[in-house]
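[1] Turn this into a structure:
(2 chains)
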Amino acid sequence: MGALQARRSGLVPCAFEDVDLETYIAKVGMLDSFRVRADLSAYDCRNNRLAQLCLEQDGFVEATEAARKKYGAARIGVFMGTSTSGILQTELAYRHLDPQTGALPPDFHYAETQNSYSLAGFVSHYLGLTGPSFVVSSACSSSAKVFANALRMMAAGVCDAAVVGGVDSLCLSTLYGFNSLGLVSRLPCRPYDVERDGISVGEGAGFVLIERATATEAADPMYLLGVGESSDAYHMSTPHPEGLGAILAMQRALDAAGLQAGDIDYINLHGTATKSNDASEGKAVADVFGDKVPCSSTKGWTGHLLGAAGITEAIIAMLAVEHGFIPGSVNTQQLDPAIAIDYRIENGTGKIRRVLSNSFGFGGSNCSLVLGRLS
Amino acid sequence: MMRLYVEGIGLLGPGLDGWAASRAVLAGETAYVAAPTNLRASDMLPAAERRRAGVPIKLALTVGQEAFLQAGRETKSASTVFTSSGGDNDNVHAINGILATAPREVSPTRFHNSVHNAAAGYWCIAAGSHEPSTSLCAYDASFVAGLLESATQVVVDDAVVALVAYDHCYPEPLHSVRPIANSFGAALILTKQQSDKSLAVIEVEFVSGKAPETTMKDEVLEDLRKGVPAARVLPLLAALAAAKTTQISIDYLEDNHLDIRVAPC
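    Numbers count the residues shown, from 1 in each chain, chains lettered A, B, ... in the order given. I've put the predicted structure just below:
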């Protein structure tokens, strides 16, 4: 919250492994020396280190422990989003193949690091939870979609509470991959700027503990009011130019919440700062909300956290509600005049009751969340 | 307990070329005949995407298309749940090789095919589907995770869901640390309401604790079940093929499993 209010961005010139790209990244510096809990050492990789570091913040372990006592370990689900999991471990291992046999190093643990499920397995073990669990890996919508999984699992009675979250960490695949698509900016990313020219890749994590509204003991609870999911059916790496999938996701989220566009007080945009994302999303938001709802992308602070974007931006959206705070947009200088929405560059304040958060990913995978207070 | 109707089935694996051709084998009525998995690019895809399609996309689209044809539903009409232990394992291996040596030129196609939801993305384009789609992984239990997620979508959201599970082998050196025995895919169209196309009703229950897992009688099919994560579906397909009331159990994570009751419609 302090970094948001002080407009302190995490983006720095890229210095990660031996990556030779001229770009900015958001890097969690202490991960290089951090190690996961000793009993889970097979899971040790950058992604799970980041997961543990995040789990240890804000009293999350204690809150989960209380839920475990309340519901039982088997009644709490673990639904995680990641796009690349521990692939960095494999990237580095491929530099150290056995010169005779071509085999991977003997200390390489595939299931606990590279496999996408690694993250949910690690989090389940770390928190001592034995309920239903899986990883959603739908690129940059992953850790928004886990909210829908948790809602459905609880509604179906498969579990009583859920830990949802997402973690993505720096790796060469995403840096060089996005670079090959011409989607990486040489400057800190400038969401919705007329001169925006690409993303800044970041790493990050977030977790949220969810329980049924009828079971909460919180004095002023935060509610997950609705989730909307859709598919573009257009292109693998370019969003639908008219924002068709984004419109569907936002409208479905409003419908699920039983709300109208005018009920939303702030929109945390996907806002990657690529030409195509911001143009497409801007049209979609204008179509559903017009130009009356304050909007911003917070990727100027965080960079694009990919599989962790959904959860971290959902948390920022909830902070907006809690603090009556409207985040602006770091690095954005001159707004794109072609996008007719109420995009905020400067931070602001106001009564924020309900927020919508967008997350869109490769493969045309879209998810919108509505979060906030009931009254 | 969640109750779902099965309206369509798709199947592609070694010696299992489509549900129609495999039903009697799975029911134990005819002998299993070994053959390589008949991988082919689906004619659902536009030419450009067809050229870029790796094994998972071929598996997913072939079995998905077969299941929809059987159900008599339009491909754009259903939500989709894709589930796989890995993604495009050939592509991941190639990218790791490229990144280990200079120059690190990962092609745009290689990169966008590297996402776990590549098969889902291609499917939605081919099917013209704007419906929700998700892509899951739970290592060896990926099929069970997909079935559980699909069941909640059917029961809670009243969605018609196409569940598509697929896996294929890694090349070396990853094959040695993650031996997946073969290319295998299966699809189920699941609905809340019974229709004249409904083949069976299944009741799915998430249960804590371990239970004896249902195995395949045929030795080769049992090896396939154990050798490919997506092939954990085989006992369910065998029960559907037998067309009589059957109770099966499939392992999920370390401390839980699914009990599934299958009854013909």
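[2] pLDDT score for B:Leu39?
    Among the per-residue scores, B:Leu39 shows a pLDDT of 97.
[3] Name the residue of chain A that lies nearest to chain B.
    A:Gly363 (2.7 Å; C-beta to the nearest C-beta). Placement of C-beta: from N, CA and C, glycine included.
[4] Can you get me a residue count around that residue?
    Using other C-beta atoms under 10 Å in any protein chain shown as the criterion, A:Gly363 is surrounded by 32 other residues.
[5] would you say it is within a strand?
    No: with DSSP: H, G, I helix; E, B strand; the rest coil as the criterion, A:Gly363 is located in helix rather than a strand.
[6] need the contact list for it.
    Taking C-beta atoms under 8 Å, 6 or more residues apart in numbering or on different chains as the definition of contact, the neighbours of A:Gly363 are A:138-139, A:231, A:236, B:112, B:115, B:117-118, B:120-122, B:124, B:133, B:135.
[7] mind redoing it with 7 Å?
    A:138-139, A:236, B:115, B:117-118, B:120-121 (C-beta atoms under 7 Å, 6 or more residues apart in numbering or on different chains).
[8] got it, and B:Thr152?
    Applying C-beta under 7 Å, 6+ apart, one finds that B:Thr152 lies in contact with A:152-153, A:156, A:158.
[9] just to revisit the earlier point, lowest pLDDT pick from the contacts of A:Gly363?
    Where pLDDT dips furthest among the contacts of A:Gly363: A:Met236, at 90.
[10] and the closest residue to that one other than its chain neighbours, what element?
    Taking C-beta to C-beta, 6 or more residues apart in numbering or on different chains as the measure, A:Met236 lies nearest to B:His112, with 4.4 Å between them; neighbours along the chain are not counted. Under DSSP states H and E, the secondary-structure element containing B:His112 is helix B:108-113.
[11] which strands and helices sit next to the helix or strand just after that helix?
    On the C-terminal side of helix B:108-113, the closest following helix or strand by DSSP H and E is helix B:118-127. For helix B:118-127, the packing partners by 3 or more C-beta pairs under 7 Å, 6 or more residues apart in numbering or on different chains; DSSP states H and E come out as helix B:55-71, strand B:79-83, strand B:133-137.
[12] Let's have the ones you listed in CSV, adding mean pLDDT and distance to chain A.
    Rendered in CSV, the data for the helices and strands packed on helix B:118-127 read as follows (pLDDT from 0 to 100; distance: least, C-beta to the nearest C-beta, whole Å):
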stretch, mean pLDDT, distance to chain A
helix B:55-71, 98, 11
strand B:79-83, 98, 8
strand B:133-137, 98, 4
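[13] Between those, which one is closest to A:Leu31.
    Of all those, the one in closest proximity to A:Leu31, counting by C-beta to C-beta, is strand B:133-137 (22.8 Å).
[14] Contact partners for A:Ser368?
    A:Ser368 makes contacts with A:228, A:249-250, A:253, A:356-358, as judged by C-beta under 7 Å, 6+ apart.
[15] ok, so of the residues you listed, who is nearest A:Asp44?
    A:Asp44 has its nearest neighbour among the contacts of A:Ser368 in A:Ser357, at 31.5 Å by C-beta to C-beta.
[16] Could you check which residue of chain B lies nearest chain A?
    For chain B, the residue closest to chain A is B:Gly121, as judged by C-beta to the nearest C-beta, at 2.7 Å.
[17] Who's the closest spatial neighbour of B:Phe206, skipping the chain neighbours?
    Nearest residue to B:Phe206 in three dimensions, chain neighbours excluded: A:Val158, at 4.9 Å (C-beta to C-beta, 6+ apart).
[18] before we move on, back to that, distance of the residue of chain A closest to chain B relative to A:Ala144?
    As judged by C-beta to C-beta, to the nearest Å, A:Gly363 and A:Ala144 stand 14 Å apart.
[19] correct me, but B:Ile250 touches B:His257?
    Yes: between B:Ile250 and B:His257 there is a contact at 6.3 Å, judged by C-beta atoms under 7 Å.
[20] Contacts for stretch A:96-105, please.
    Residues external to stretch A:96-105 that are found in contact with it (C-beta under 7 Å, 6+ apart): A:93, B:172-173, B:176-177.
[21] again, only this time at 8 Å
    For stretch A:96-105, using C-beta under 8 Å, 6+ apart, the contacting residues are A:90, A:93-94, B:172-174, B:176-177.
[22] For those residues, please prepare TSV with the additional fields secondary structure, distance to B:Leu190 and neighbour count.
    Supplementary listing: the contacts of stretch A:96-105 in TSV, determined by DSSP: H, G, I helix; E, B strand; the rest coil; distance: C-beta to C-beta, whole Å; neighbours: other C-beta atoms under 10 Å in any protein chain shown:
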residue	secondary structure	distance to B:Leu190	neighbour count
A:Thr90	helix	34	28
A:Ala93	helix	39	22
A:Tyr94	helix	39	21
B:Glu172	coil	37	14
B:Pro173	coil	38	20
B:Leu174	helix	32	23
B:Ser176	helix	36	14
B:Val177	helix	34	18
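[23] wait, what's in contact with residue 259?
    In the absence of a named chain, this looks at chain A. The contact partners of A:Leu259, by C-beta under 8 Å, 6+ apart, come to A:225-226, A:354, A:370.
[24] you looked at the wrong chain, it should be chain B
    Remark: with contacts taken as C-beta under 8 Å, 6+ apart, B:Asp259 is in contact with B:204-205, B:207, B:211, B:247-249.
[25] re the thing from before, going by neighbour count, which residues in the helix holding B:His112 are buried?
    The neighbour-count check on helix B:108-113 (16 or more other C-beta atoms under 10 Å in any protein chain shown) flags B:108-113 as buried.
[26] What is the distance between it and the centre of its chain?
    In terms of C-alpha atoms, centre = their mean, to the nearest Å, the gap separating the centre of helix B:108-113 from the centre of its chain is 22 Å.
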